[in-house]
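Participant: need coordinates for the below:
(2 chains)
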Amino acid sequence: MVNILIQGLALSGLYALLAVGFTMIFSVGRVLNLAYGVYIMLGGYMYYTAVQVMGLPKIGGFLFAIAAGIAFAVLTYSILVRRLEGNPVAVEIATLILAVVMQSLIILIYRPVSKSMWPVVQGVFRYEGVFVTYNLLVAMVVSWVALAGLLIFVRYTRYGRAIQAVSMDRKGAIISGIDPRRMNLLTWAISGALGALAGVFFATYTQLNPSMWVGPLIVAVAVVVVGGIGSIVGSLIVAHIIGFMETFTTAMIAAELRGVFTMVLIIVVLVVAPKGLFGRGEL
Amino acid sequence: MPKSRFHRSLLYWLAFGAFMCLIPLVASTGVVRLLIFANFLAIFAMSWDIISGRTGYISFGHPFLIGIAGYTTAILTRHLDAPLFVSIPLAVLATLVGGTLFFLPALRIRGTYFALVTLAFMELMYQLTQVIAPKITGGTRGLSGLKTIILGAVPNYYLTFCVMFAIAFCLWLITRTRIGTALAAIRMDEEAVTALGLSTLKLKLFAFGASAAVAGIGGALYVHYIGSIAPRALFDINFLFTILVAALLGGSGTIAGPILGAYFLTFLLEYLRPYLPGAERYFIYGAITLVVYVLEPRGLHSILERAYGKLSPIVARGLAK
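Facilitator: Numbers count the residues shown, from 1 in each chain, chains lettered A, B, ... in the order given. Modelled structure (predicted):
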């Protein structure tokens, strides 16, 4: 039982990190970026290339992954999304198409076979019937650090508060002399970095394959939808609901049913409470 | 010269139908088989377009509807040994029920969220078919060795083309009625339609029902054409992607658009096969669609229409000289 709780906590930490980048874009730009899963996938593949193919140290792998995430996110925004501004449905369609395009690019480069990744940290933590891989524990810690850093950035720095202003009221932000496009670009860059970082851990938690972007994307979608529009704290809570739900389902019922409840949750919440359980909160 | 636009359009339809009927007489079996897939894709793309292109409710879950039809008829024929003329109508009926399930969320939400719900429906179905009653659904591997309706490329071509043509023609007739106009109005401003005293509920229900029925017909026939069904082939983002891309590239909100898109994509794929086998073709598909979508959201149909509009006066002037 304790084991399930700890596993759930660790997985939830990873999910929170997976989802928060997606939440930020939605909060600031009011668009759903369905190419977000690609940042996660890119993170995984770039880390793999740097560490397992080129033999760089792990820190180099992380930097490489994050750089790729940022670069791709910034390109997505400035080439594609900016042109479709004001039409969230078009953005949704275009980013979904982009995601499939990137998936096939990955297939083109890395072949369609799955690749397993070495854990970032080796070993398993064992204590009185509790066992969690150090990798997942590290993922949880990194996730907490990253999220705390993000909260501090958003609440207490100039740029963070400017991002917050755009998410609250775009016109008001413009009047106060904030350029919403620059803030959007910054948000996308942060989102790309967070996605890629989460992707490295997600890929070590599961494995690398060209369709690995769908799973995390659905988790991110569920977190945003259930947590309500763009609230970081709401997202955290929901990431834990989903993480624990999946862990319990895997342990108690069947591993195959893991994702089913997440999907049911999305559908039920959207139909019953379209504004999300936690409403429109502060970023 | 025909008197009205109606007559002229009718003439175009007949010409298109006659032309397509003549193709098997000259084309090779390979091309005919390709056209069969194009016909199926056109049916799916039209089905998508009834909801998404016309009313503006973007569906990311069309494979869900197609899958319901496919699985219903596959299970009925495989396990209960039902004849096709029973199982296919039942499959369409089941899809209508599934379409209603789709419709319920649309009562409350629209725009980006509606697309998400439909996407969740599709993923849910993907996981459920593998876990719930794998003996009946065939689990991850699906069912194979299903009955076929008719054998041979040419008869199948005529079958699929006739179905596709009939659907397109019916849709065209519907768009000419006031219902068609009202549906297009929903896309622009749903509240305004309500304000005019029309029941958007009934209109949407009609559109969803029509879309589900078309998806059901297409799905059931498709399964009995390829003879097998598997969850990963159906409830897949790549399949959704192909439908979406066909409709968008051709031009959503029109009838000819999705057909044009489906044919274009199928032949593009065949043309690219020597260079890009396998899943890489989605790269080209997607890249082309993204460019067209960003530059001209109404697709090839609109581009061709404009080109025709610019060219025809020039041609007419040339002829006058």
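Participant: and the residue of chain B nearest chain A?
Facilitator: B:G286 (3.5 Å; CB to the nearest CB). The way it works is simple: take the backbone N, C-alpha and C, and place the C-beta from them, glycine included.
Participant: find the helix or strand that that residue is a member of.
Facilitator: Assignment of secondary structure by DSSP states H and E places B:G286 within helix B:281-295.
Participant: average model confidence for that helix?
Facilitator: Confidence over helix B:281-295 (mean pLDDT, whole number) is 83.
Participant: dump that helix to PDB, restricted to CA.
Facilitator: What follows is helix B:281-295 as a C-alpha-only set of coordinates in PDB (Å, rounded to 0.1, in the frame of the first residue of the first chain):
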ATOM      1  CA  ARG B 281       4.700   9.900 -46.400                       C
ATOM      2  CA  TYR B 282       2.800  11.600 -43.600                       C
ATOM      3  CA  PHE B 283       5.600  14.000 -43.500                       C
ATOM      4  CA  ILE B 284       4.900  15.200 -47.100                       C
ATOM      5  CA  TYR B 285       1.100  15.000 -46.500                       C
ATOM      6  CA  GLY B 286       1.300  17.100 -43.400                       C
ATOM      7  CA  ALA B 287       3.800  19.600 -44.700                       C
ATOM      8  CA  ILE B 288       1.800  20.300 -47.800                       C
ATOM      9  CA  THR B 289      -1.400  20.600 -45.800                       C
ATOM     10  CA  LEU B 290       0.100  22.900 -43.300                       C
ATOM     11  CA  VAL B 291       1.400  25.200 -46.000                       C
ATOM     12  CA  VAL B 292      -2.000  25.200 -47.800                       C
ATOM     13  CA  TYR B 293      -3.900  25.600 -44.600                       C
ATOM     14  CA  VAL B 294      -1.900  28.600 -43.400                       C
ATOM     15  CA  LEU B 295      -2.000  30.300 -46.700                       C
END
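Participant: next one: it to chain centre, how far?
Facilitator: Here the centre of mass of C-alpha atoms in helix B:281-295, compared against the chain's by CA atoms, centre = their mean, to the nearest Å, lies 18 Å away.
Participant: whichever helix or strand comes after that helix vs chain A: in contact?
Facilitator: Tracing the chain C-terminally past helix B:281-295 and defining elements by DSSP H and E, one meets helix B:299-320 next. No. Taking CB under 8 Å from any CB of the partner chain as the criterion, helix B:299-320 and chain A are apart, separated by no less than 12.1 Å.
Participant: tell me which helix or strand comes right after the longest helix that chain B contains.
Facilitator: Longest helix in chain B by number of residues, with DSSP state H as the criterion: helix B:200-226. Once the chain leaves helix B:200-226, the next helix or strand it forms, by DSSP H and E, is strand B:228-229.
Participant: and the residue of the stretch 1-150 of chain A nearest chain B?
Facilitator: Distance from chain B to each residue of the stretch 1-150 of chain A (CB to the nearest CB) is smallest for A:V101, at 3.5 Å.
Participant: what sits up against stretch A:60-69?
Facilitator: Judged by CB atoms under 8 Å, 6 or more residues apart in numbering or on different chains, the contacts made with stretch A:60-69 from elsewhere in the structure are A:39, A:42-44, A:46-51, A:56, A:192-197, A:199-200.
Participant: in the longest helix of chain B, what's buried?
Facilitator: With burial defined by 16 or more other CB atoms under 10 Å in any protein chain shown, the residues of helix B:200-226 counted as buried are B:200, B:203-226.
Participant: ok, now stretch A:151-171?
Facilitator: Applying 16+ other CB under 10 Å to stretch A:151-171 flags A:151, A:154, A:160, A:162-167, A:170 as buried.
Participant: can you redo those residues as a markdown table with pLDDT, distance to A:L75 and secondary structure?
Facilitator: Rendered in a markdown table, the data for those read as follows (pLDDT from 0 to 100; distance: CB to CB, whole Å; DSSP: H, G, I helix; E, B strand; the rest coil):
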| residue | pLDDT | distance to A:L75 | secondary structure |
| --- | --- | --- | --- |
| A:L151 | 86 | 27 | helix |
| A:V154 | 86 | 24 | helix |
| A:G160 | 87 | 23 | helix |
| A:A162 | 89 | 22 | helix |
| A:I163 | 87 | 20 | helix |
| A:Q164 | 84 | 25 | helix |
| A:A165 | 85 | 25 | helix |
| A:V166 | 85 | 21 | helix |
| A:S167 | 82 | 22 | helix |
| A:R170 | 82 | 23 | helix |
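Participant: for the residues you listed, which one is nearest chain B?
Facilitator: Within those, the smallest distance to chain B is 16.3 Å, found for A:S167 (CB to the nearest CB).
Participant: ok, and the closest non-adjacent residue to the residue of chain B closest to chain A?
Facilitator: The spatial neighbour of B:G286 that comes closest, neighbours along the chain excluded (CB to CB, 6 or more residues apart in numbering or on different chains), is A:V101 at 3.5 Å.
Participant: surely the one you found is in contact with B:R281?
Facilitator: No. Under the criterion of CB atoms under 8 Å, A:V101 lies out of contact with B:R281, with a separation of 11.0 Å.
Participant: show me which of the two is the more surrounded one.
Facilitator: A:V101 (22 against 19; other CB atoms under 10 Å in any protein chain shown).
Participant: contacts only, for that one.
Facilitator: Neighbour list for A:V101: B:282-283, B:286-287, B:290 [criterion: CB under 8 Å, 6+ apart].
Participant: quick check: what element follows the top helix by length along chain A along the chain?
Facilitator: Taking DSSP H as the criterion, chain A has its longest helix at helix A:2-29. Using DSSP H and E, the helix or strand that directly follows helix A:2-29 along the chain is helix A:36-47.
Participant: and that following helix, C-alpha only, in CSV?
Facilitator: As requested, C-alpha coordinates have been extracted for helix A:36-47 and formatted as CSV (Å, rounded to 0.1, in the frame of the first residue of the first chain):
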residue,chain,number,x,y,z
TYR,A,36,3.2,19.9,-27.2
GLY,A,37,3.7,16.2,-27.1
VAL,A,38,6.4,16.7,-29.7
TYR,A,39,8.6,18.7,-27.3
ILE,A,40,8.4,15.7,-24.9
MET,A,41,9.4,13.4,-27.7
LEU,A,42,12.1,15.7,-28.9
GLY,A,43,13.5,15.9,-25.4
GLY,A,44,13.7,12.2,-25.2
TYR,A,45,15.3,11.7,-28.6
MET,A,46,17.8,14.5,-28.3
TYR,A,47,18.9,13.2,-24.9
